[in-house]
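S.K.: give me a 3D structure for the following:
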Amino acid sequence: MSPQTLLNHSPAQSFNPTQFDQYVMHTYGRFPVAIAKGEGCRLWDTEGKSYLDFVAGIATCTLGHAHPALIQAVSAQIQKLHHISNLYYIPEQGALAQWIVEHSCADKVFFCNSGAEANEAAIKLVRKYAHTVSDFLEQPVILSAKSSFHGRTLATITATGQPKYQKHFDPLPDGFAYVPYNDIRALEEAITDIDEGNRRVAAIMLEALQGEGGVRPGDVEYFKAVRRICDENGILLVLDEVQVGVGRTGKYWGYENLGIEPDIFTSAKGLAGGIPIGAMMCKDSCAVFNPGEHASTFGGNPFSCAAALAVVETLEQENLLENVNARGEQLRAGLKTLAEKYPYFSDVRGWGLINGMEIKADLELTSIEVVKAAMEKGLLLAPAGPKVLRFVPPLIVSAAEINEAIALLDQALAVMAL
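M.R.: Residues are numbered from 1 along each chain as shown. The predicted model follows:
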């Protein structure tokens, strides 16, 4: 097939799984469905079947699919200027950075393309700060949590406290250690054990709510104690908000649920509603990068920043945080009703529109099995580990769609009756 024929070819109408598997690297365990289009909180596959989308690109499609504000913003921007270079000033980037700073505790913003890149930037910033500001530490250590997830690059899988993501990728970078999440005594002991000679804890890197680790919210008292420990010991507090930022929890940023402020925090997924972008934010006190020390070719280009501006402005103008909180309460109430009806579940938890439903540990039932059963009924869910169902619909989801999701999951569970 010639290049021009390929350009004129409609992949959605002629999807061929065999062709896909032949040419695309096998880095994902994909469900046997090909999505062709979306609108609002709904998706349609290449066979025309409709699905209620409670995955949202894994907490990414903030405004759902084909939202008018996003369509208008990216259509206008692509006709004007989509990419130049960070060799020049980019007005859209400046406007987006201003919005973030005015709606957070940050003073400065660095833009990149993904959550992993944002976390890489945070790790590099911590190390430079440790070497140049914090007693010129020779061997800075970053403490992160077990069951965390921070990305797929070598540094971020090392920061990730889950050995399964690190297997076969050694030698891993040095300078990381792990502690249980929400356990302040273990954290204090780890700091004492590490701080010897030229080796010291330079930063504590945590998720405000652990996403891939099972949708586990941070404990308020724990995070207040972590903030105090950081202040007393000259340690930077880094929060990974790649999954929970930009309104997902019912507040603009996950840390707002914890009553503390980080020194550094990161964002990506929902920031541009599905257009690739990442951001690393920090306070002026640790904004130690100089020109040439960190960069990104595509980071903060006009196209992605225009999309992100449309998302954050819509969050404000349509008061979506109120919807997130109301729909989140409704969703958790519905899930708790199902947990009482079916004896499979041990917990329902979450903030806003990031929620988890945990399957009892003594059951052989897995989250993937429930996800597949729900898909058959027309509801898309994502697992968060082998025993947790994750519910992360677009932030525009309606009360009627929440009720529909509960009804579809009810039907799926009824079929599965153990």
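
S.K.: use CA for all of it now, contacts and neighbours both
M.R.: Fine.

S.K.: helices of the protein, start to end?
M.R.: With DSSP state H, the ranges of helices along the chain come out as 3-8, 17-23, 56-59, 68-80, 91-102, 115-132, 154-159, 163-166, 184-194, 220-233, 302-317, 320-341, 367-377, 399-416.

S.K.: quick one: Ala225 from Glu188, how far?
M.R.: For Ala225, the distance to Glu188 equals 10 Å [CA to CA, to the nearest Å].

S.K.: low-confidence bits of this protein, can you list those?
M.R.: 1-14, 197, 417-418 (pLDDT under 70).

S.K.: mark out where each domain of it begins and ends.
M.R.: Using automatic domain parsing, the domain ranges for the chain come out as 3-60+319-416, 70-317.

S.K.: who are the packing partners of the top strand by length along the chain?
M.R.: If you go by DSSP state E, the chain has its longest strand at strand 199-207. If contacts are counted by 3 or more CA pairs under 8 Å, 6 or more residues apart in numbering; DSSP states H and E, strand 199-207 sits against helix 115-132, strand 139-145, helix 184-194, strand 236-240.

S.K.: other residues contacting the shortest one?
M.R.: Contact partners of strand 236-240, identified using CA atoms under 8 Å, 6 or more residues apart in numbering, comprise 119, 122, 126, 150, 202-208, 227, 230, 255, 262-267.

S.K.: again, but for stretch 108-126
M.R.: Under CA under 8 Å, 6+ apart, the answer for stretch 108-126 is 97, 100-101, 150-153, 155-156, 202-203, 236, 238, 240, 242, 264-269, 276-284, 286-289, 294-296, 298-300.

S.K.: buried stuff in stretch 54-72?
M.R.: 54-65, 67, 69-70 (16 or more other CA atoms under 10 Å).

S.K.: follow-up on the earlier one: Throw the helices of the chain into JSON lines and include distance to Glu39, thanks.
M.R.: JSON lines is the format used below for the helices of the chain (distance: least, CA to CA, whole Å):
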{"stretch": "helix 3-8", "distance to Glu39": "24"}
{"stretch": "helix 17-23", "distance to Glu39": "24"}
{"stretch": "helix 56-59", "distance to Glu39": "11"}
{"stretch": "helix 68-80", "distance to Glu39": "10"}
{"stretch": "helix 91-102", "distance to Glu39": "26"}
{"stretch": "helix 115-132", "distance to Glu39": "25"}
{"stretch": "helix 154-159", "distance to Glu39": "33"}
{"stretch": "helix 163-166", "distance to Glu39": "34"}
{"stretch": "helix 184-194", "distance to Glu39": "44"}
{"stretch": "helix 220-233", "distance to Glu39": "37"}
{"stretch": "helix 302-317", "distance to Glu39": "16"}
{"stretch": "helix 320-341", "distance to Glu39": "18"}
{"stretch": "helix 367-377", "distance to Glu39": "18"}
{"stretch": "helix 399-416", "distance to Glu39": "13"}
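
S.K.: of those, give the one that comes closest to Gly214.
M.R.: helix 367-377 (10.7 Å; CA to CA).

S.K.: so which bits of the closest one are buried?
M.R.: Ser367, Ile368, Val370, Val371, Lys372, Ala373, Ala374, Met375, Lys377.

S.K.: ignoring the adjacent residues along the chain, who's closest to the fourth one?
M.R.: For Val371, ignoring the flanking residues on the chain, the nearest one in space by CA to CA, 6 or more residues apart in numbering is Leu381 at 5.6 Å.

S.K.: count of neighbours near the one you found?
M.R.: Per other CA atoms under 10 Å, the neighbour tally for Leu381 reads 27.

S.K.: so it sits against Ala373, correct?
M.R.: No - look at Leu381 against Ala373 with CA atoms under 8 Å: they stay out of range, at 9.9 Å.
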